[in-house]
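> I'll drop the sequence and a predicted model, then ask my questions.
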Amino acid sequence: MTPNPRAESSYLLKPNLSTNYPVVDRGEGPYLFDTAGRRYFDGSSGAMTANLGHGLKEIADQMAAQASTVAFTFRNQFSNVAAEELARKLCQLAPGDLDRAFFVNSGSEASEYAIRMSIHYWKERGQPNKTKILGRLTSYHGMTMGALSISGHAGRRPDYGPLLHDFASVPPAYCYRCPFGLEPDGCATECADAWETAIAAHGANNVAAVIAEPIVGAAGGVLVPPPGYFRRLREICDRHDILLIADEVITGIGRTGTWFASATEGIVPDLLLLAKGMSAGYTPMAAVLVGQRIVDVIAQGSGSVPFGHTFSANPLSASICASVIDYIEHNDVLDNVNARGAELRDGLAALSQRHACMVDVRGRGLLWGFELVRDRASRRPFDAALNAARKLVAACLDHGLVVYPAGIAPLNNAIIVAPPLIVTTEQVGELLAKLGAALRDFEAGIA
Ligand code: PLP
């Protein structure tokens with residue numbers, strides 16, 4: 001056989017065809033190692049996913065045990081012990097009557113399932129016109145066409161013609177650059193009332209659900225809503241007979257210091273999406289938690305939820321996710337998130353004092369973001385052409401630190417810092433030292 005010349009480089013299709021990505025061959029705790037022998041501090045847990053760090057023996061052992069017991073059953077033929085157990089654990093931890101769980105393979109699929117479930121629910125209630133799912137201008141709910149249609153991440157929404165809807169139109173809860181021109185002390189949560197305006201524009205009779213991340217991740221660079229925002233949104237949804245979908249793909253399972261950020265916000269959503277931290281990156285797995293009141297309507301109607309995937313609720317992934325929850329419970333991980341999160345917050349605030357370009361340190365638990373500005377006093381951002389966030393990410397990488405570029409397109413001027421939830425005080429210090437060195441390089445480079 002004649003060898004294919006391409007085999008000398010790489011067969012793997014990567015996001016940027018002209019970039020040579022480091023090739024990782026090992027991970028341990030918050031560190032990744034590449035084939036050239038370099039060590040990286042995983043300061044964003046990849047994409048806020050590797051929440052327990054890399055190479056955990058407890059999870060690997062569980063994986064092997066389940067794989068040799070039963071790795072696959074098909075959801076239309078069988079349930080299985082591992083998926084039943086995971087559903088039980090999640091529903092017991094979740095707020096309110098989120099008493100049913102459906103499993104899919106990615107956050108995007110969780111969004112798709114929630115879209116279908118919302119529309120299905122209203123059909124069962126005799127309201128087939130309720131088919132719109134409203135979202136926010138700064139939001140990200142996934143790459144598949146339905147999920148992207150409800151996402152407001154301009155940078156990830158190229159023109160896909162009629163396949164993509166424009167359902168994300170609600171202004172963000174973005175206090176540093178408030179779309180209503182307000183400062184926190186003069187704010188009456190106008191950004192929450194904006195949902196009601198959007199609902200009126202579309203007609204409540206046409207709206208099945210609204211979707212929102214309790215804390216916006218990639219699309220905004222960690223946007224924490226003002227107090228009371230989600231309670232107000234819950235009231236608006238109830239008043240207009242509209243379901244509330246909480247996208248906890250990033251915030252769920254401990255990232256913000258509690259099991260669910262919805263609980264911290266004081267609400268029970270009708271549907272709640274989980275992915276990323278639910279498996280801590282040890283397997284592709286996601287979930288939609290569904291309110292019992294929704295299931296009751298379907299049970300009294302058609303009795304059928306006719307959507308899912310081949311790998312939904314596969315026992316291998318389910319047992320891995322259950323062992324992630326066990327690990328968090330038995331190793332006081334939530335306490336660690338709160339304690340290390342406070343250290344990280346203070347350290348980032350101190351860096352912000354030293355570096356004029358670094359502003360608006362914002363977040364909760366171990367999910368932190370900040371913005372990069374050309375001028376602190378006027379909040380003038382860097383020109384979009386500079387791609388400030390990517391420049392700082394590159395400077396961090398030179399110091400062996402991985403952080404996540406984010407922010408609102410076209411500025412893309414925010415950074416997410418979200419290390420694994422098991423970091424130690426010493427490792428938080430290491431992360432901050434590397435970030436400080438990268439900020440010095442960044443400032444020298446743009447001066
Ligand atoms: N929802 C949120 C809040 C996300 O951050 C993401 C991914 O970054 C998704 C949904 C989509 O998840 P996935 O990439 O697993 O499809």
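In hand now; what should we look at? Numbers count the residues shown, from 1 in each chain.
> Against residue 380, how distant is whatever residue of the stretch 51-200 of the chain ends up closest to the ligand?
Nearest residue of the stretch 51-200 of the chain to the ligand, counting by CB to the nearest ligand atom: residue 107, 2.2 Å away. The C-beta positions use only the backbone N, C-alpha and C, and glycine is treated the same way. Computed with CB to CB, to the nearest Å, the distance linking residue 107 and residue 380 is 34 Å.
> buried ones in the lengthiest strand in the chain?
When every strand of the chain is counted residue by residue (DSSP state E), the longest turns out to be strand 367-375. Of the residues in strand 367-375, 367, 368, 369, 370, 371, 372, 373, 374 count as buried by neighbour count, 16 or more other CB atoms under 10 Å.
> for it, packing partners?
For strand 367-375, the packing partners by 3 or more CB pairs under 8 Å, 6 or more residues apart in numbering; DSSP states H and E come out as helix 333-354, strand 358-364, strand 380-381, helix 388-398, strand 414-417.
> That one vs helix 333-354, what angle?
Orientation of strand 367-375 against helix 333-354 (axes from the mean of the first three to the mean of the last three CA atoms, to 10 degrees) gives an angle of 10 degrees.
> Averaged pLDDT, strand 367-375. What do you get?
Strand 367-375 carries an average pLDDT of 97.
> Over to stretch 420-432?
Confidence over stretch 420-432, taken as the mean pLDDT, stands at 98.
> ok, now stretch 210-226?
Per-residue pLDDT values across stretch 210-226 average out to 96.
> And stretch 338-354, by the same measure?
In this model, stretch 338-354 carries a mean pLDDT of 98.
> Run through who's touching it.
Taking contacts as CB atoms under 8 Å, 6 or more residues apart in numbering, the residues outside stretch 338-354 that touch it are 257, 358-359, 361, 363-366, 368, 370, 417, 419, 423-425, 428-429, 431-432, 435-436, 439.
> State the pLDDT value of the residue of the stretch 51-200 of the chain closest to the ligand.
Residue-level confidence at residue 107 comes out at 98, pLDDT.
> What of the one 3 residues further on?
Turning to residue 110, the model gives it a pLDDT of 98.
> how about it, what does it touch?
Remark: with contacts taken as CB under 8 Å, 6+ apart, residue 110 is in contact with 104, 142, 249, 273, 274, 275, 286, 287, 288.
> Does the second one lie in a helix or a strand, and which?
By that I understand residue 142. Assigning secondary structure by DSSP states H and E places residue 142 outside every helix and strand.
> tell me the contacts of the residue of the stretch 201-350 of the chain found nearest the ligand?
The minimum distance from the stretch 201-350 of the chain to the ligand, using CB to the nearest ligand atom, falls at residue 249 (3.5 Å). By CB under 8 Å, 6+ apart, the residues touching residue 249 are 107, 110, 141, 213, 217, 273, 274, 275, 276, 286.
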